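S.K.: Here is my input; please provide its structure:
(one chain, ligands or ions: 1)
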Amino acid sequence: MQTLKDKVAIVTGAAGGVGRGIALALAHAGARVAIADVEPADGLIAELGDETVLAEICDIRDSAQVNAFVDKVVARFGTVDILVNNAMAGGLVPLSETSDRDIELAMNTGPMATLYFMRACYPHLVGGGRIINLRSGSEVTAVPNFVTYIAAKSAIAGITRAAAREWGRSGITVNAICPFVLSDSAAAEFEKHPGQLDNILTNLSIPRVGDAENDIGRAVVYLAGPDASYVTGTTLSVDGGAAFMA
Ligand SMILES: NC(=O)c1ccc[n+]([C@@H]2O[C@H](COP(=O)([O-])OP(=O)(O)OC[C@H]3O[C@@H](n4cnc5c(N)ncnc54)[C@H](O)[C@@H]3O)[C@@H](O)[C@H]2O)c1
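M.R.: Residues are numbered from 1 along each chain as shown. I've put the predicted structure just below:
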């Protein structure tokens, strides 16, 4: 069912991983999708066609690039109806070894970029727009070596709730998703810690990894679509139960 027909969605970090699945699900629900990433998203353009996909190299740490990207999306597709703040960078590091660069990378690609995009998209989202931010179950499980990452994701949690209150009267809903997907970057982290993935899968309520398009992407389509018009400030965990494994 094309519940998002003629809607325009921005998805950050959709050249691969979870973002790619979200972009595919949004496009299959009828939306035109604009992708901001530091990597090219040629595969998505080839799969969906350039009538449906606009992909630009955009470093989301730079507010000038974010503003220019949003202007390009509006020039090409007319507006922005849906914003998915998905991209985030930074590996897992023990707190005592965390460098300034580690902290800046997590904060600048996480909450700072989320704020830049929300601010730039606001005039277009007024009167019915949807924002979906990517959080993480690790905020709850508080696993070691995730401190910088969790700090950035916890800021995004606060942004989600506060913006939901501030922008509700402007007709904008703001929600979040906690995913669990074996993206290339997640797989690379698990390779450094043998046995950790098996341990998670053994303990998960639904013992499998999520599918970027059919699990996470469809949840984004729900939050972006007409059925979720009365849902704001909330977080949907689409992670097989990982967020309450603490
Ligand atoms: N994979 C999981 O299980 C999992 C679990 C919890 C939360 N998340 C969150 O979901 C989101 C996607 O996760 P993923 O595993 O697909 O991540 P990923 O690292 O595989 O993909 C991130 C994307 O962001 C892009 N990116 C990085 N820095 C950028 C920058 N400065 N400007 C523009 N684009 C940039 C990358 O090129 C990449 O395409 C992230 O916010 C992540 O924290 C993922």
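
S.K.: So which residues on this protein come close to the ligand?
M.R.: Within the chain, the positions near the ligand by Cβ under 6 Å from any ligand atom are 12-13, 15-19, 36-39, 58-61, 86-89, 109, 134, 136, 178-181, 183-186. For every residue, glycine as well, the C-beta is placed using N, CA and C.

S.K.: What's the ChimeraX syntax to select whichever of those residues are buried?
M.R.: Those of the residues of the chain next to the ligand that count as buried under 16 or more other Cβ atoms under 10 Å are selected in ChimeraX with:
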select :12,13,15,16,17,18,19,36,37,58,59,60,61,86,87,88,89,109,134,136,178,179,180,181,183,186
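
S.K.: Take the residues of the chain next to the ligand and keep only those in strands.
M.R.: 12, 36, 37, 134, 178, 179 (DSSP state E).

S.K.: where do the helices sit along this protein?
M.R.: Secondary structure of the chain (DSSP state H): helices at 17-28, 42-48, 63-77, 100-107, 113-125, 138-141, 147-167, 184-191, 196-203, 218-224.

S.K.: Give me the packing partners of the last one, helices and strands only.
M.R.: Meaning helix 218-224. Applying 3 or more Cβ pairs under 8 Å, 6 or more residues apart in numbering; DSSP states H and E, we find helix 218-224 packed against helix 17-28, strand 82-85, strand 130-134, strand 173-179, strand 235-238.

S.K.: From the chain's centroid, how far away is that helix?
M.R.: Averaging C-alpha positions (Cα atoms, centre = their mean, to the nearest Å) puts helix 218-224 12 Å from its chain's average.

S.K.: Extract the CA atoms of it and return them as PDB.
M.R.: Taking Å, rounded to 0.1, in the frame of the first residue of the first chain, the C-alpha atoms of helix 218-224 are listed here in PDB:
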ATOM      1  CA  ARG A 218       8.600  -0.600   7.700                       C
ATOM      2  CA  ALA A 219       8.500   0.900  11.300                       C
ATOM      3  CA  VAL A 220       9.800   4.200   9.800                       C
ATOM      4  CA  VAL A 221       7.000   4.000   7.200                       C
ATOM      5  CA  TYR A 222       4.500   3.600  10.000                       C
ATOM      6  CA  LEU A 223       5.800   6.600  12.000                       C
ATOM      7  CA  ALA A 224       5.900   8.700   8.800                       C
END
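
S.K.: Show which residues not belonging to that helix make contact with it.
M.R.: Outside of helix 218-224, the residues within contact range by Cβ atoms under 8 Å, 6 or more residues apart in numbering are 3-4, 7, 9, 22, 25-26, 29, 31, 81-82, 84, 130, 132, 173, 175, 177, 228, 231, 236, 238.
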